[in-house]
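Student: Give me coordinates for this.
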Amino acid sequence: DLDGQDDGTLTAFLYNCRSDYPVYPEPNYIILSGHNVHLYYVLEEPADLYPNTKSLLKDMKYHLTDRMWNKHTSREWEHPQHQGINQGFRVIGGKTKDGGTVRAFAVNTHPFSLEELNDFLPPEQQVDLSKKWRETRYTLEQAKERFPEWYEKVIVGGGRADGSWNAKEDLYNWWLRKIRAGATFSHRYFCLMALAIYAVKCGITDRKRVKADMDSLVPFLDSVDTEHPFGNDHEVENALECLDLRYKKFPIKDLERISGIAIPKNKRNYRKQALHLRMARSNLEILSEDAGHALQGRPKGSGEKRELIRSYAREHPDANHSDIAKALGVSRSTV
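Tutor: Reported below is the predicted structural model:
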């Protein structure tokens, strides 16, 4: 996806991929989708979409986008859009937002290998294509012996093994506020898409509720650029497609990139983790004394792990059970 196009930016893009020393690969097809273009690269061989491969291709696409989307090739160069490899685009021959027709132009007959595309990136950004899949460390019999609960749940019962859990609804409401405070023109649709993903992360499955929240945001999204209003119910319905459990573990760093909204990381104010946790425990002890727990004869430390874990989970809503156990130095079963 390359937004902010006119004759000058598109000419600059083509020049930079057709010169003797091309900066990025020349697309096989360029699609005019209204005010923007979509660039298609055809692979020599289909890519086997193992989980690791999908992650590598996503990283490659992000880095290629950063090279192609710049002040010479886009009037909106300060707001590049980063999209995963499953992003859908307007159908060729279909209608654009302003009623035109989506047209396609073949410009390059040479298909690409993943290695060729990777070579257009600087060494520090190239992905390691030797890691397209991750081999297991255990045979199924060894896994049955070492992880009996997992074996019973996944192999015998056919359940999911993602180990995910629901964040608090505060996270969903926080994102609603972030959209109203920071949504920009090029990222309006993706902000709504992220809202659906946050709903999934928080265990919110009520489609009517999420749609109502999205609808309430449309007037604000229209006001971001009155010359180009956000759109109609079609955009909301598309964003609602992400209200799906498959997006439960969608990475926060990717939500930040596609939405264009900074998502602050949980910080310890540059303290070492051990010191940070000691301070947290001290605060808990003081609060316990203030609440009268220490005067009731409870054993020292009783109940503190529970409060410590709950406190950590509130501050790190996307941490899973293993993350919390490792951070706090407790067992996963305690978490």
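
Student: which ones are touching the nearest residue to Gly84 once chain neighbours are set aside?
Tutor: Take Gly84 and drop its neighbours on the chain: the residue closest to it by CB to CB, 6 or more residues apart in numbering is Lys58, 5.1 Å away. All C-beta atoms are positioned from the backbone trio N, CA, C, and that covers glycine. Neighbour list for Lys58: Gly84, Ile85, Asp254 [criterion: CB atoms under 8 Å, 6 or more residues apart in numbering].

Student: What does the pLDDT read for Tyr62?
Tutor: pLDDT, Tyr62: 92.

Student: so it sits in a helix?
Tutor: Yes - under DSSP: H, G, I helix; E, B strand; the rest coil, Tyr62 falls within a helix.

Student: Please produce CSV containing the contacts of Lys58, extended by neighbour count.
Tutor: Compiled in CSV, the contacts of Lys58 are given as follows (neighbours: other CB atoms under 10 Å):
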residue, neighbour count
Gly84, 16
Ile85, 14
Asp254, 16
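
Student: how about the residues you listed in TSV, adding distance to Val23, secondary structure and pLDDT?
Tutor: As requested, those are exported to TSV (distance: CB to CB, whole Å; DSSP: H, G, I helix; E, B strand; the rest coil; pLDDT from 0 to 100):
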residue	distance to Val23	secondary structure	pLDDT
Gly84	23	coil	81
Ile85	22	coil	84
Asp254	25	helix	87
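
Student: Mind putting those residues into TSV with distance to Glu235?
Tutor: Formatted as TSV, the entries for those read as follows, by distance: CB to CB, whole Å:
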residue	distance to Glu235
Gly84	18
Ile85	21
Asp254	20
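
Student: what pairs with Lys95 across the strands?
Tutor: The partner list for Lys95 in beta bridges (DSSP bridges) reads Thr101.

Student: Helices along the stretch 101-250 of the chain, start to end?
Tutor: Shown for the stretch 101-250 of the chain, the helices assigned by DSSP state H, counting those that start in this stretch span residues 114-119, 140-146, 148-150, 169-182, 188-201, 207-224, 233-240.

Student: Could you point out which of these sits nearest Cys17?
Tutor: Checking the helices of the stretch 101-250 of the chain against Cys17 by CB to CB gives helix 114-119 as the closest, at 12.2 Å.

Student: The closest one: which residues count as buried?
Tutor: Within helix 114-119, the residues scored as buried using 16 or more other CB atoms under 10 Å are Leu114, Leu117, Asn118.

Student: so what's the first one closest to, chain neighbours aside?
Tutor: Here the nearest residue to Leu114 in space, its sequence neighbours aside, is Leu129; by CB to CB, 6+ apart that works out to 5.8 Å.

Student: got it, and Ile261?
Tutor: Nearest non-adjacent residue to Ile261 (CB to CB, 6+ apart): Gly182, at 4.7 Å.

Student: and if you look at Gly94?
Tutor: Setting aside the residues directly before and after it, Gly94 is nearest to Val102 in space (CB to CB, 6+ apart), at 5.0 Å.

Student: tell me the contacts of the residue nearest to Thr73 when sequence neighbours are not counted?
Tutor: Spatial nearest neighbour of Thr73, chain neighbours left out: Phe13 (4.3 Å); criterion: CB to CB, 6+ apart. Taking CB under 8 Å, 6+ apart as the criterion, Phe13 is in contact with Leu2, Met68, His72, Thr73.

Student: Centre-most residue in the protein?
Tutor: The centroid of the chain falls nearest to Asp254 when counting by CA atoms, centre = their mean (2.8 Å).

Student: what about this structure, any weak spots by pLDDT?
Tutor: Of all residues in the chain, those with pLDDT under 70 make up the ranges 133-137, 158-165, 231-232, 266-303.

Student: quick one: contacts for Asp323?
Tutor: By CB under 8 Å, 6+ apart, the contact list for Asp323 reads His316.

Student: where along the protein do the strands fall?
Tutor: 29-32, 37-40, 103-106 (DSSP state E).

Student: quick revisit: apart from its neighbours in sequence, what residue is nearest the residue nearest to the centre of the chain?
Tutor: If you skip the residues right next to it in sequence, Asp254 has Gly84 as its closest partner in space, 6.8 Å away by CB to CB, 6+ apart.

Student: Please name the residues that touch that neighbour.
Tutor: Contact criterion CB under 8 Å, 6+ apart gives Lys58, Lys61, Asp254, Ile258 as the residues in contact with Gly84.
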